[in-house]
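Engineer: Could you work out the structure for the sequence below:
(2 chains)
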There are 2 protein chains.
Amino acid sequence: MTNCNMKKTFVGIDIGGTKLATVVADDSGKILSKVRRPTQAEKGPEYIIDLLFEMINETIVQAGLKQNAISAIGVSCGGPLDTKTGIVYSPPNLPGWNSFPLKARLESEYSIPVTIENDANACALAEYRFGGGKGYDAVLYMTMSTGIGGGIVLNGQVYHGANDSAGEVGHQILLPDGPLCGCGQRGCLESLCSGPAIARRAKEAIQKESNTMIFALADRQIESVKSEHVLEAALKNDPLALKLIDETAYYMGWGIANIVNILNPDIVLLGTIAIAAGDLLLVPIRKYVSSFAMARPAEVVKIMPAQLGDTLGDLAAIALVV
Amino acid sequence: MTNCNMKKTFVGIDIGGTKLATVVADDSGKILSKVRRPTQAEKGPEYIIDLLFEMINETIVQAGLKQNAISAIGVSCGGPLDTKTGIVYSPPNLPGWNSFPLKARLESEYSIPVTIENDANACALAEYRFGGGKGYDAVLYMTMSTGIGGGIVLNGQVYHGANDSAGEVGHQILLPDGPLCGCGQRGCLESLCSGPAIARRAKEAIQKESNTMIFALADRQIESVKSEHVLEAALKNDPLALKLIDETAYYMGWGIANIVNILNPDIVLLGTIAIAAGDLLLVPIRKYVSSFAMARPAEVVKIMPAQLGDTLGDLAAIALVV
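Structural biologist: All right, here's what the predicted structure looks like:
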């Protein structure tokens, strides 16, 4: 006899460059158990896959379940990767993962369906299923952290594009003669608005004018200046910090406006730095989007902080399989 | 008894600012008859709708059909418009069309389904169904003519976005301090690469250096310089014309690269000026797209001329209903 109240349960795996996490969750997105370990990325994929098997088994036991209670496994991982074949190419943060058949390895171990997805897309889907994107047909998620990544969810599905490369919103080029980006180009949105980019602009400004709270917050060590110091100083009305935040909002607003004109999303959800900064950054970003985008798509789009906060990483992998 | 060889037939309507066209076509896209008239846009929507009824009836008779042989009507029209309600708002080229219920008026006259779509989207769908986009899941069509419009077809359907405004690729801003665009912004792709924009850049250059074939082709009348003269002179290796073409390709390549990073299309089909210019423009556009876009989406995308040529306008409306 089937117990109709019994919810399906899933394993979610989050593979980052510095940490691994495995969770067991039910189909409402409720996390039942969680295990974390350092990635030790330098040990390569075989070490990591064995560690993941261990972690998965431990997470299932912690949830008080048996392996046969798990319906599917979702994996959120740095790209590039192929969602159809489940092969992970060479993510910059995972050395040695050259065409590693991650999906096949997990499926042969557990004999249940495995879905792999790049982390920004998985986060976008989690925001759609459980967070700020719920109920919208065209959702853009953009993270603002070490880099600027993005994921697009259309009609409830991750939009992958021709070869799983859609949503690289951080590499839109705004200033072809601008600062060098990690991707090799100059003046990408990421090279202007990521955490390290904000810190770099702050350092350059402090070298001209060191009378700013940002410098004090970094213990007057120029190399210690971080985007967090800029946010903190701006919240206390430090003029240089406010100028740096306005510049950041200008570039973000310009870049988002271009995407709004092309994609006409219902909502743009901004992660990490935008969550930490809140209205300090969101209010001027909205102003610049309105001034740069066409009237019709600008009038409909909501620019909001992502809502899942600390649980986003855990729910990203789960969102792929519920 | 149903005749299985009998193809379904459709009416297509193309509403432009200067001319109206009605066609009857079968489901393979074969045009059976066609009627054209000047729009006389200044007479307003009531005049035009009555003229369209006359033209539709005439086109059906010309095709040797009766009204009850027509299965549906497709309409390609300048936007903004709402594809769900079938209301046309205020297209810049159709004065007086303030919330005109075009779909409802046609449906009440003919009692068959009517689909309306903005012209760039309809052209994109026509290229997908009958032209260069056939067989591709992610197709971007961009026209380069008086303006730069665009349409996105994903999995065989026009992608509309939140309020039918998706695909405004011409209003991506590249140079916020650049030339004024018709949309009110500065430095949109359209303000740099449309026909009038190419002519404007040519005129500016000729004022500094009039020893160019472009000026001769325009009978040495600066106000007569057109983008066609630039193309013609470039095909004859005129140095200034080649420089203007390279600049155009640079901006187009930059703009397309940004879209390629966001949308990861299989193919980008370029209309009008790009068709006329052929490899002269396409080869450097491809080069700039490769240099500006990320490696993975750049390696998959094809940049090609649109294929339907003169029949594009006729097939645009038909593509909506076949």
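Engineer: In the stretch 101-250 of chain A, which residue sits nearest chain B?
Structural biologist: Using Cβ to the nearest Cβ, the closest approach of the stretch 101-250 of chain A to chain B is made by A:Gly161 at 2.5 Å. Where you see a C-beta, it was placed from the backbone N, CA and C, and this is true even at glycine.
Engineer: Apart from its neighbours in sequence, what residue is nearest that residue?
Structural biologist: Nearest residue to A:Gly161, sequence neighbours excluded (Cβ to Cβ, 6 or more residues apart in numbering or on different chains): B:Asn264, at 2.5 Å.
Engineer: can you tell me how far A:Leu20 sits from A:Ser90?
Structural biologist: Distance, A:Leu20 to A:Ser90, by Cβ to Cβ, to the nearest Å: 18 Å.
Engineer: who's more crowded, the two?
Structural biologist: A:Leu20 (20 against 15; other Cβ atoms under 10 Å in any protein chain shown).
Engineer: secondary structure class for that one?
Structural biologist: Here A:Leu20 is recorded as strand under DSSP: H, G, I helix; E, B strand; the rest coil.
Engineer: which residues does it contact?
Structural biologist: By Cβ atoms under 8 Å, 6 or more residues apart in numbering or on different chains, A:Leu20 lies in contact with A:Ile13, A:Asp14, A:Arg36, A:Arg37, A:Pro38, A:Thr39, A:Ile48, A:Leu51, A:Leu52, A:Met55.
Engineer: Now for those residues: which two are most distant?
Structural biologist: Across the contacts of A:Leu20, no pair lies farther apart than A:Ile13 and A:Pro38, at 14.9 Å, counting by Cβ to Cβ.
Engineer: So which of the two has more stuff around it?
Structural biologist: A side-by-side neighbour count of A:Ile13 and A:Pro38, using other Cβ under 10 Å, places A:Ile13 first with 25 against 10.
Engineer: Kindly state the beta-bridge partners for the more buried one.
Structural biologist: A:Thr22, A:Val75 (DSSP bridges).
Engineer: That one and B:Asn163: what is the separation?
Structural biologist: Applying Cβ to Cβ, the value for A:Ile13 to B:Asn163 is 38 Å.
Engineer: before we move on, what about A:Leu270?
Structural biologist: Taken as Cβ to Cβ, the span from A:Leu270 to B:Asn163 is 21 Å.
Engineer: Between those two, tell me which one has more neighbours.
Structural biologist: A direct count of neighbours by other Cβ under 10 Å for A:Leu270 and B:Asn163 places A:Leu270 higher, at 24 against 18.
Engineer: so the nearest residue to that one once chain neighbours are set aside is in which element?
Structural biologist: Spatial nearest neighbour of A:Leu270, chain neighbours left out: A:Met142 (5.4 Å); criterion: Cβ to Cβ, 6+ apart. Using DSSP states H and E, A:Met142 sits in strand A:138-144.
Engineer: Which strands or helices does that strand pack on?
Structural biologist: Applying 3 or more Cβ pairs under 8 Å, 6 or more residues apart in numbering or on different chains; DSSP states H and E, we find strand A:138-144 packed against helix A:119-130, strand A:148-154, helix A:239-263, strand A:267-270.
Engineer: any idea which helix or strand carries A:Val24?
Structural biologist: strand A:19-26.
Engineer: quick one on the thing from earlier: direction included, what does the strand holding A:Met142 pair up with?
Structural biologist: Using DSSP bridges, the strands paired with strand A:138-144 in its sheet are strand A:148-154 (antiparallel), strand A:267-270 (parallel).
Engineer: centre of the chain versus the strand holding A:Val24, how much separation?
Structural biologist: With Cα atoms, centre = their mean, to the nearest Å as the basis, strand A:19-26 stands 16 Å off its chain's centre.
Engineer: Settle this for me: A:Ile256 is touching A:Val289, isn't it.
Structural biologist: Yes - here A:Ile256 reaches A:Val289: they are 5.1 Å apart, a contact under Cβ atoms under 8 Å.
Engineer: what residues are shared contacts of the two?
Structural biologist: Counting by Cβ under 8 Å, 6+ apart, the residues touching both A:Ile256 and A:Val289 are A:Ile303.
Engineer: neighbour count winner among the two?
Structural biologist: Taking neighbours as other Cβ under 10 Å, A:Ile256 and A:Val289 compare with A:Ile256 leading, 28 against 24.
Engineer: The more buried one and A:Val169, how far apart?
Structural biologist: Counting by Cβ to Cβ, the separation of A:Ile256 from A:Val169 is 8 Å.
Engineer: what's the overlap in contacts for those two?
Structural biologist: The contact lists of A:Ile256 and A:Val169 share A:Met142, where a contact means Cβ under 8 Å, 6+ apart.
Engineer: Close to chain B: what parts of the stretch 101-250 of chain A are there?
Structural biologist: Listed as neighbours of chain B in the stretch 101-250 of chain A under the rule Cβ under 8 Å from any Cβ of the partner chain: A:136-138, A:150, A:152, A:154, A:159-169, A:171-173, A:176, A:183, A:185.
Engineer: Let's see that with 6 Å instead.
Structural biologist: Residues of the stretch 101-250 of chain A lying close to chain B by Cβ under 6 Å from any Cβ of the partner chain are A:Ala138, A:Gly161, A:Ala162, A:Asn163, A:Ser165, A:Ala166, A:Glu168, A:Val169, A:His171, A:Gln172, A:Ile173.
Engineer: Chain neighbours aside, what residue packs nearest to the third one?
Structural biologist: Just to be clear, that refers to A:Ala162. B:Asp266 (4.3 Å).
Engineer: rewinding a little: run through the bridge partners of the residue nearest to A:Leu270.
Structural biologist: Here A:Met142, judged by DSSP bridges, has bridge partners A:Gly150, A:Leu270.
Engineer: Now do the helices in chain A.
Structural biologist: Along chain A, counting by DSSP state H, helices occupy A:44-62, A:102-110, A:119-130, A:189-193, A:195-208, A:213-217, A:227-235, A:239-263, A:273-277, A:279-292, A:295-300, A:312-319.
Engineer: Out of these, flag the one nearest B:Ser108.
Structural biologist: Closest among those, using Cβ to Cβ: helix A:295-300, at 27.2 Å.
Engineer: low-confidence ranges in the stretch 1-150 of chain A?
Structural biologist: In the predicted model of the stretch 1-150 of chain A, residues A:1-6 satisfy pLDDT under 70.
Engineer: how long is stretch A:104-122 from one end to the other?
Structural biologist: With Cα to Cα, to the nearest Å applied, stretch A:104-122 spans 19 Å between its terminal residues.
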